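In: Kindly generate the corresponding structure for this input.
(2 chains)
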Amino acid sequence: MNITDFFLFGILPLLGLAVLLLFIRFLIGPSLADRVIALDLMITVGIGIIVVYSIINDQPTFMDIAMILALIAFLGTLSFSYYLKQKAREDE
Amino acid sequence: MSDFIIALLSTLGTLFILLAALGMLRMPDFYLRVSVATKGGSLGVGLILIAAAIYFSDFGMTTRALAILFFILITAPVSAHLLGRVAYLSKIELWEKTSRDDLRGKYEREKLELKGKKRETEEDEEESSENDPS
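Out: Model prediction:
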């Protein structure tokens, strides 16, 4: 069995299943903070999916996109936490 | 041999990511979910990135994979800490079976900061002395 086939049929469906489970938490999350942390982990799993995809297609260029995605995920979580803090300050 | 190492590392990373996703779905509390998401997610993606670095075995690709890994390891605890602090401040409930809460009663809710913190300016000292006669 080729290593590419292993990535295509073994690793990639499991990562997709992980994104699906996280999306359920994203939908039913009781508070906004639950949704934010689910979205953060979804983007982190997305980085893993991009890396596996670049291994399957033997295209090393996709790793740059994974780096940009990591940066955007951190900025998104940062701004969401700032928003939640301002909202908590207003509620007092 | 190299293929075996790549397959082993990526399988371990995928299992960690899957366990993190399952924990996000099953854990009863926001704080437990944050803990699961941060540790499991960064470890799983880190293992997959190391597998990619071994697969390409090129200097540029190894540097890129290690840069992404370093960035994730730097930013995941920071974002988890920010979200956990904000969640505690906005009074998201702890699990009812949580046995100890070290921060109970130690936050001044009005100022959103810890009690007993040093005041920087004189205005704050005057305000605090007005509010607190002792």
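In: give the contact list for residue 41.
Out: The chain I'm using is chain A. A:22, B:20, B:21, B:24, B:37, B:41 (C-beta atoms under 8 Å, 6 or more residues apart in numbering or on different chains). Placement of C-beta: from N, CA and C, glycine included.
In: My question was about chain B, not that one.
Out: Neighbours of residue B:41 in contact, by C-beta under 8 Å, 6+ apart: A:41, A:44, A:45, B:16, B:17, B:20, B:76.
In: Let's see that with 10 Å instead.
Out: A:18, A:22, A:37, A:40-45, A:47-48, B:16-17, B:19-21, B:23-24, B:72, B:76, B:80 (C-beta atoms under 10 Å, 6 or more residues apart in numbering or on different chains).
In: Residue A:57 now?
Out: A:4, A:8.
In: residues near residue B:81, how many?
Out: 13 (other C-beta atoms under 10 Å in any protein chain shown).
In: so where does it fall, helix or strand?
Out: Applying DSSP states H and E as the criterion places residue B:81 in helix B:59-89.
In: Equivalent analysis for residue A:16, please.
Out: helix A:12-28.
In: List the buried residues of that helix.
Out: For helix A:12-28, the neighbour count (16 or more other C-beta atoms under 10 Å in any protein chain shown) marks A:12, A:15, A:18, A:19, A:21, A:22, A:25, A:26 as buried.
In: With stretch B:15-23 instead?
Out: B:16, B:17, B:18, B:19, B:20, B:21, B:22, B:23.
In: count of neighbours near residue 80?
Out: Going with chain A. Residue A:80: 21 neighbours (other C-beta under 10 Å).
In: my bad, the chain I had in mind was chain B
Out: So residue B:80, with other C-beta under 10 Å, has 22 neighbours.
In: Contacts only, for residue B:48.
Out: Residues counted as contacts of residue B:48 (C-beta under 10 Å, 6+ apart) are A:7, A:11, A:15, A:45, A:47-52, A:55, B:9-14, B:16-17, B:65, B:69.
In: from these, which ones fall inside helices?
Out: A:15, A:45, A:47-52, A:55, B:9-14, B:16-17, B:65, B:69 (DSSP state H).
In: Quick check: which ranges of the chain have low pLDDT?
Out: All of this refers to chain A. A:92 (pLDDT under 70).
In: Actually, chain B is the one I wanted.
Out: B:108-113, B:116-134.
In: Would you point out which residue is most central in it?
Out: Centroid-nearest residue in chain B, with C-alpha atoms, centre = their mean: residue B:80, separated by 2.7 Å.
In: Let me see the contact set for that residue.
Out: Residue B:80 makes contact with A:37, A:40, A:77, A:81, B:31, B:34, B:35, B:37, B:38, B:39, B:41, B:42 under the criterion C-beta under 10 Å, 6+ apart.
In: what about the first one, how many neighbours?
Out: Right, the one you point to is residue A:37. Counted with other C-beta under 10 Å, residue A:37 comes out at 30.
In: In the host helix or strand of it, which residues are buried?
Out: Following DSSP H and E, one finds residue A:37 within helix A:32-57. Residues of helix A:32-57 classed as buried by neighbour count (16+ other C-beta under 10 Å): A:32-56.
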